[in-house]
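I need the structure of the sequence given here:
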Amino acid sequence: MIETALVELIDRATAECAEQQRADLHNRLRQIRTRVLDPTQLVLVVGESKQGKSALVNAIVNAPVCASGDDVTTVVPTLVRYADEPTALLIEHEPRQGPAALDRTPVPVEQVREQLDRALALGRPVTRGEVGIPRAVLKNGLALMDTPGVGSVSSSLTATTLAVVAEADALLMVSDATQELTTNEISFLKQATALCPNVALVLPKIDRTPHWRKVLEVNRKHLDNAGVAAKIFPVSASIRMRAMQAKNSTLNTESGFPPLLEFLQTELAGKHEQSTRRLVAHNVSEALTQVNDALKAELAAQNPRTAAETLVELETAQRRAEDLRRVSNRWQKALNDGISELYADIEFDFRERSWAILHEVNEIFETADPLVVWDEFREWLADRLTDAIVETFEWLDARQAQLAEVVAEEMRAEHSVDSPALENVQPPAPLDEVPEPKLPARSEYKRFDQFLTGLRGSYGGVLMFGMMTSIGLGLGLFNVVSISAGVLLGIKSLDEEKDSRLRRRQTEVKGAVQRHVEQVIFHVNREAKTAIRTVHRGLHAHYMQITEDAQSEISRAIQEIKRSAERSAVDRDQRAKEIRQKLEELTSLRRRVTMLTQNRITAA
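Modelled structure (predicted):
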């Protein structure tokens with residue numbers, strides 16, 4: 001059987017990697033072995049963030065298995081496969097228990113998103129989610145994997161997606177129909193097709209843009225120019241979901257999904273064996289090439305060398321290790337200092353913008369009556385705060401790119417590295433969480449209250465002037481003079497009370513708005529700190545991986561120099577013979593890999 005031959009070839013290559021103490025290659029081939037024994041046809045749904053990948057998966061299986069929406073971003077992959085009853089698992093990888101250790105935690109299907117977010121917030125090493133549902137489209141072994149964003153988003157997410165591309169039978173590249181393929185998307189497609197040539201381009205959201213056909217033609221030219229052979233499927237997930245709910249075949253045809261489902265269910269099934277061969281050939285060939293190169297380098301090192309030469313090589317390697325340690329200390333210090341400055345600068349930036357808004361509020365209510373302008377003022381305040389939040393987070397986005405470049409400059413003293421592509425920082429919406437400011441209680445000055453105020457003022461005037469005119473002029477208490485004076489004093493009292501109440505309303509509204517803005521500042525600072533921590537983790541992981549790879553390379557070089565210096569001439573000759581024999585065995589094994597790509601491999 002072809003499956004037996006593939007497993008035997010993987011086992012031979014795995015043994016060679018284990019013999020050369022290449023745990024990384026050994027573990028990778030063990031994963032490929034598991035993949036070969038699994039009849040599942042794995043289809044990755046890839047693309048940049050906010051393109052509609054999760055909505056596409058939901059529409060294909062006609063179930064809300066993946067969280068989707070403008071405010072949702074996929075952080076870890078989610079695998080959707082067939083099951084007789086709905087099931088869901090969180091898959092964890094626990095490093096301290098070894099590379100192959102996996103912990104599978106069952107969770108309710110309807111709570112997958114909440115459980116995943118909670119696990120990540122607690123720092124659990126979740127590598128993916130798995131959802132099983134009874135759907136005919138999945139029954140013959142088709143499995144869909146919703147993946148984190150690639151291309152213009154963070155390098156850590158792109159690496160997460162690329163790590164499983166080589167295991168896939170096909171890729172669905174998702175790029176919505178509102179714009180043509182970007183340079184980043186085309187670059188990712190070139191990377192991906194080198195590992196998995198079975199690629200289709202899906203253009204969702206055709207219901208949102210009338211010019212999607214023009215975008216389709218432009219994208220077809222982009223693919224031709226890039227040398228990427230891929231079918232293109234324009235679709236609408238929202239129309240598909242409406243069609244499934246209404247059981248309307250005409251609407252389903254309009255959604256564009258029938259050709260896509262035909263591609264997944266028929267074309268992929270016929271190419272499964274070919275995809276499996278290619279998967280094994282690529283990974284086994286890559287592993288054997290690395291082992292072969294290492295053995296050739298060791299063979300070259302078997303030539304007798306003087307003690308002086310060995311000492312020079314050892315000192316050079318040790319000096320590289322010291323330089324790497326210094327560079328590592330420098331870039332970590334630059335990163336930590338930059339993050340600390342970012343915390344302080346972002347907090348001050350939004351507070352300064354908020355103070356400017358409060359100053360405008362104070363100016364407005366020096367003259368304006370809150371009762372008159374309140375509805376218009378609330379809209380103005382919400383718009384000004386939203387603009388301030390967006391501007392602050394755009395600045396944070398620019399600052400994280402600057403910080404990445406600063407850290408990269410520190411690394412370039414020892415290595416040629418590029419700044420990682422970072423995920424755009426999305427501004428939060430704290431106004432949805434913070435209650436709106438309200439007018440003070442009993443702000444309205446009712447007619448009856450105004451009448452009483454005027455009456456109190458006029459009563460004193462009538463009484464005072466009535467007594468004066470009655471004593472001096474002999475007139476009655478109520479006369480033209482006393483009544484006129486009462487009216488004038490009543491009007492004056494009413495005006496003074498209105499002005500007093502206006503000032504009190506203005507003061508109370510200023511205080512209410514200030515408390516509202518302070519609450520917004522608190523929420524924005526919290527979201528900013530969360531975003532900065534994410535930036536910190538992403539940059540640290542990226543540059544630490546580069547540092548660790550360099551440290552491993554130098555460590556292996558030092559160990560090899562020491563082993564070489566300790567060998568006698570007889571030992572060197574013996575080791576050289578062993579290496580040449582091993583290289584011949586690897587050549588034979590690589591020849592079998594070549595036969596595998598030509599569909600001519602048989603069981604050994």
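
would you map the helices across the stretch 301-450 of the chain?
307-367, 370-411, 447-472 (DSSP state H, counting those that start in this stretch).

in CSV: these, plus distance to Q21 and mean neighbour count.
The C-beta positions use only the backbone N, C-alpha and C, and glycine is treated the same way. What follows is these, written out as CSV (distance: least, C-beta to C-beta, whole Å; neighbours: other C-beta atoms under 10 Å):
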stretch, distance to Q21, mean neighbour count
helix 307-367, 18, 15
helix 370-411, 28, 17
helix 447-472, 90, 15
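
tell me the pLDDT at S175?
According to the per-residue confidence, S175 scores 90 in pLDDT.

circling back to that earlier point, out of the helices of the stretch 301-450 of the chain, which comes closest to Q51?
helix 370-411 (19.0 Å; C-beta to C-beta).

the closest one - what's its average pLDDT?
86.

stretch 430-444 now?
Computed over stretch 430-444, the average pLDDT equals 74.

out of the helices of the stretch 301-450 of the chain, which comes closest to A237?
Minimum separation from A237 across those (C-beta to C-beta) falls at helix 370-411, 27.7 Å.

quick one: closest of the helices of the stretch 301-450 of the chain to M145.
Distances from M145 to each of those were compared using C-beta to C-beta; the minimum, 28.4 Å, belongs to helix 370-411.

next, the angle helix 307-367 makes with that closest one.
Between helix 370-411 and helix 307-367, the angle formed by their directions is 170 degrees, by axes from the mean of the first three to the mean of the last three C-alpha atoms, to 10 degrees.

could I get the helices of the stretch 301-450 of the chain as CSV with distance to A557?
Conversion of those to CSV gives the following (distance: least, C-beta to C-beta, whole Å):
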stretch, distance to A557
helix 307-367, 5
helix 370-411, 20
helix 447-472, 90
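
out of these, which gets nearest to K247?
Minimum separation from K247 across those (C-beta to C-beta) falls at helix 370-411, 41.6 Å.

backbone dihedrals for N424, please?
Here the main-chain torsion angles of N424 (degrees, to the nearest 10) amount to phi -60, psi 130.

so how many other residues sit close to it?
When counting by other C-beta atoms under 10 Å, one arrives at 17 neighbours for N424.

how far away is the closest residue to it other than its chain neighbours from D349?
Spatial nearest neighbour of N424, chain neighbours left out: D397 (5.9 Å); criterion: C-beta to C-beta, 6 or more residues apart in numbering. D397 is 13 Å from D349, where distance means C-beta to C-beta, to the nearest Å.

repeat that for R319.
The separation that R319 has from D349, given C-beta to C-beta, amounts to 44 Å.

nearest to A229, out of the helices of the stretch 301-450 of the chain?
Ranking the helices of the stretch 301-450 of the chain by distance to A229, with C-beta to C-beta as the measure, places helix 370-411 first at 34.4 Å.

what sits closest to L120 if chain neighbours are left out?
Spatial nearest neighbour of L120, excluding adjacent residues (C-beta to C-beta, 6+ apart): V126 at 6.0 Å.

what's near enough to touch that neighbour?
Under the criterion of C-beta atoms under 8 Å, 6 or more residues apart in numbering, the neighbours of V126 are 76, 90-92, 116, 119-120.

from those residues, list the buried ones, please.
Among those, those classed as buried by 16 or more other C-beta atoms under 10 Å are 76, 90-92, 116, 119.

just these: which are in strands?
Among the buried ones among the contacts of V126, the subset assigned to strands under DSSP state E consists of 90-92.

so which of those residues is the closest to T594?
I91 (34.8 Å).

find the nearest non-adjacent residue to that closest one, please.
Counting by C-beta to C-beta, 6+ apart, R128 is the residue found nearest to I91 once chain neighbours are left out, at 4.9 Å.

want to throw the buried ones among the contacts of V126 into a markdown table with pLDDT and distance to G149?
Formatted as a markdown table, these follow (pLDDT from 0 to 100; distance: C-beta to C-beta, whole Å):
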| residue | pLDDT | distance to G149 |
| --- | --- | --- |
| V76 | 75 | 12 |
| L90 | 83 | 20 |
| I91 | 81 | 20 |
| E92 | 77 | 22 |
| L116 | 76 | 16 |
| A119 | 75 | 20 |
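
from the residues you listed, pick the one nearest N184.
When the buried ones among the contacts of V126 are compared for distance to N184 (C-beta to C-beta), V76 comes out closest, at 21.0 Å.

wait, the closest one touches L120, no?
Yes. With the criterion set as C-beta atoms under 8 Å, V76 and L120 qualify as a contacting pair; they are 7.5 Å apart.

so T209 lies in a strand, does it not?
No. Using DSSP: H, G, I helix; E, B strand; the rest coil, the secondary structure at T209 is coil, not a strand.

which non-adjacent residue is nearest it?
Computed as C-beta to C-beta, 6+ apart, the closest residue to T209 that is not its neighbour in sequence is T178, at 4.9 Å.

and which of the buried ones among the contacts of V126 is nearest R590?
Among the buried ones among the contacts of V126, I91 lies closest to R590 (C-beta to C-beta), at 33.5 Å.

residues in contact with that closest one?
For I91, the contact set (C-beta under 8 Å, 6+ apart) comprises 102-104, 126-130.

which stretches of this structure form strands?
With DSSP E as the criterion, the chain has strands at 41-46, 78-82, 87-93, 102-106, 126-133, 142-146, 170-174, 199-203, 230-234.

now do the first one against strand 78-82: the angle between them, please.
What separates the directions of strand 41-46 and strand 78-82 is an angle of 150 degrees, with the same axes, to 10 degrees.

count of neighbours near the residue nearest to E85 when sequence neighbours are not counted?
Spatial nearest neighbour of E85, excluding adjacent residues (C-beta to C-beta, 6+ apart): P134 at 7.0 Å. As a burial measure, the neighbour count of P134 was computed by other C-beta under 10 Å and equals 12.

quick one: P134 from Q111, how far?
Separation of P134 from Q111 (C-beta to C-beta): 19 Å.

cool, V327 as well?
Shown here: V327 relative to Q111, a distance of 45 Å by C-beta to C-beta.

now swap in Q318 and tell me
If you go by C-beta to C-beta, the gap between Q318 and Q111 works out to 54 Å.

before we move on, what about A136?
Per C-beta to C-beta, A136 is found 25 Å from Q111.

with G511 instead?
For G511, the distance to Q111 - C-beta to C-beta - is 42 Å.

same question, A59
A59 is 22 Å from Q111, where distance means C-beta to C-beta.

more neighbours, the two?
Taking neighbours as other C-beta under 10 Å, A59 and Q111 compare with A59 leading, 25 against 11.

pLDDT below threshold where in the stretch 101-250 of the chain?
Filtered on pLDDT under 70, the stretch 101-250 of the chain yields the residue ranges 101-102, 123, 150-164, 166-167.

the stretch 51-200 of the chain: helices as residue ranges?
Assigned helices in the stretch 51-200 of the chain, in chain order: 53-61, 112-121, 155-165, 183-195 (criterion: DSSP H, counting those that start in this stretch).

and H542, which of the ones you listed is closest to it?
Distances from H542 to each of the helices of the stretch 51-200 of the chain were compared using C-beta to C-beta; the minimum, 5.4 Å, belongs to helix 155-165.

and stretch 178-186, what's buried?
180-181, 185-186.

including distance to L6, could the buried ones among the contacts of V126 go into TSV?
As requested, the buried ones among the contacts of V126 are arranged in TSV below (distance: C-beta to C-beta, whole Å):
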residue	distance to L6
V76	29
L90	30
I91	25
E92	29
L116	33
A119	35
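
of all the residues you listed, which comes closest to A226?
Distances from A226 to the buried ones among the contacts of V126, taken as C-beta to C-beta, are shortest for V76 (28.8 Å).

could I get the contacting residues of that closest one?
V76 is in contact with 116, 120, 126-129, 148, 160, counting by C-beta under 8 Å, 6+ apart.

one more pass at 6 Å, please.
V76 makes contact with 126, 128, according to C-beta atoms under 6 Å, 6 or more residues apart in numbering.

quick one: the residue nearest to N424 and S588, what's the gap?
54 Å.

for A297, same thing?
21 Å.

which one's more surrounded, these two?
Neighbour tally, A297 and S588, criterion other C-beta under 10 Å: the higher count belongs to A297, 13 against 10.
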